[in-house]
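Q: Give me coordinates for this.
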Amino acid sequence: MKRLINIMPSPGARWLLGLVPFALIAMVYLGMSNARLAENPDDRLLPAPATMAETFLTLATEENMRTGQITLWADTFASLERLLIGVAISAVIGLTMGIANGGLPLVRAKLSPLITVVSLIPPMAILPILFIAFGTGEAAKIALIAIGVTPFLIRDLQGHALHLPDEQLIKAQTLGASSWQVLTRVLLPQLTPRLLNATRLALGTAWLFLIAAEAIAAQDGLGYRIFLVRRYLSMDVILPYVAWITLLAFLLDQLLAWISRRAFPWYHAGEGDAS
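A: Numbering: from 1, shown residues only. Below is the predicted model of the structure:
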């Protein structure tokens, strides 16, 4: 008898099995929505899919009379700009300090305790400080993302660097490599794919900080729009926006995964179905 742990679904079966939970969630929502709308046709808590689709299409195609912009795309571009800048800053700092902390004991002794302490500070707790220091413009929102994500990347890359086989470092030094060459030719190539994976894991946190910052102080953005319409119980806007954010996050995650697999196929060797 074949053991359950050895049963591997085909690619097509994996797709079908992956769609099952989404289908169940959709069925549950439809049942609850139909029940509430049957009791009260004006119920706003669980709008019908057709209502949400109509609202989403309006937001995606019609210009806002006040701003002259198409609301959905203006919000999307504003949020993505903040997110990508914040994550890019975090990635650069995280890779640089991760290599330095992981490869240079003197640097690690000085900075590792500080990074550990900073990583334990709830970024949302210092959001008022950021608004005081940077104002309510773009800088504070980007800084919140960078402060929230960077310590995680540094600690992850530092830990990965410390777990690299000592034989690699010893062999490089035996062949005459300087400290700089060890960092750039041994650590950097092996930590770069790790950075992409760590960034994928940090994207959810980055979105959280972005939405929170936009909800508190912004004039556009996906988070701003959700918190703007919540006072009107406009679930026909909120739910499609949440689904849209989820789709954007998924696409960014898959883009990073694709870049990692294309640029560093050796790093993903033997992963099997992992994505």
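
Q: How are the helices of this structure distributed by residue range?
A: In the chain, the helices defined using DSSP state H lie at 11-39, 49-61, 71-103, 105-119, 127-134, 138-162, 166-174, 179-182, 188-216, 222-229, 235-263.

Q: Between those helices, which one is closest to residue 5.
A: Residue 5 lies closest to helix 11-39 among the helices of the chain, at 15.8 Å (Cβ to Cβ). Bear in mind the C-beta positions are built from the backbone N, C-alpha and C, glycine included.

Q: which helices and strands sit right next to the closest one?
A: Helices and strands touching helix 11-39, as assessed by 3 or more Cβ pairs under 8 Å, 6 or more residues apart in numbering; DSSP states H and E, are absent.

Q: so that helix versus helix 49-61, what angle?
A: Comparing the axes of helix 11-39 and helix 49-61 via axes from the mean of the first three to the mean of the last three Cα atoms, to 10 degrees yields an angle of 110 degrees.

Q: List the buried residues of helix 11-39.
A: For helix 11-39, the neighbour count (16 or more other Cβ atoms under 10 Å) marks 33, 36-37 as buried.

Q: again with stretch 48-63
A: By neighbour count with 16+ other Cβ under 10 Å, stretch 48-63 contains the buried residues 48, 51-52, 55-56, 59.

Q: In PDB, list the C-alpha atoms belonging to it.
A: Taking Å, rounded to 0.1, in the frame of the first residue of the first chain, the C-alpha atoms of stretch 48-63 are listed here in PDB:
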ATOM      1  CA  ALA A  48     -23.600  40.500  -4.100                       C
ATOM      2  CA  PRO A  49     -20.700  39.700  -6.400                       C
ATOM      3  CA  ALA A  50     -22.400  41.500  -9.200                       C
ATOM      4  CA  THR A  51     -22.600  44.700  -7.100                       C
ATOM      5  CA  MET A  52     -18.900  44.400  -6.200                       C
ATOM      6  CA  ALA A  53     -18.000  43.800  -9.800                       C
ATOM      7  CA  GLU A  54     -20.000  46.800 -11.000                       C
ATOM      8  CA  THR A  55     -18.400  49.100  -8.300                       C
ATOM      9  CA  PHE A  56     -14.900  47.800  -9.100                       C
ATOM     10  CA  LEU A  57     -15.400  48.400 -12.800                       C
ATOM     11  CA  THR A  58     -16.600  52.000 -12.100                       C
ATOM     12  CA  LEU A  59     -13.500  52.600  -9.900                       C
ATOM     13  CA  ALA A  60     -11.200  51.200 -12.600                       C
ATOM     14  CA  THR A  61     -12.700  53.000 -15.600                       C
ATOM     15  CA  GLU A  62     -14.300  56.300 -14.600                       C
ATOM     16  CA  GLU A  63     -12.500  59.500 -13.600                       C
END
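
Q: Could you give the average pLDDT over that stretch?
A: Stretch 48-63 shows an average pLDDT of 92 in the prediction.

Q: List the contacts of that stretch.
A: 30, 33-34, 37, 69-73, 236-237, 239-240, 244 (Cβ atoms under 8 Å, 6 or more residues apart in numbering).

Q: one more time with 7 Å, if that's ok
A: 33, 37, 69-72, 236-237, 239-240 (Cβ atoms under 7 Å, 6 or more residues apart in numbering).

Q: mind putting the buried residues of helix 11-39 in JSON lines, distance to residue 77 and pLDDT included?
A: Listed next are those as JSON lines, based on distance: Cβ to Cβ, whole Å; pLDDT from 0 to 100:
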{"residue": "33", "distance to residue 77": "31", "pLDDT": "89"}
{"residue": "36", "distance to residue 77": "35", "pLDDT": "89"}
{"residue": "37", "distance to residue 77": "34", "pLDDT": "90"}
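
Q: Would you enumerate the residues in contact with the spatially closest residue to residue 195 that is not a sequence neighbour?
A: Distances taken as Cβ to Cβ, 6 or more residues apart in numbering put residue 95 closest to residue 195, at 5.2 Å, once the chain neighbours are dropped. Each residue near residue 95 by Cβ under 7 Å, 6+ apart is listed here: 157, 191, 195.

Q: ok, residue 95 to residue 102 distance?
A: Residue 95 sits 11 Å away from residue 102, going by Cβ to Cβ, to the nearest Å.
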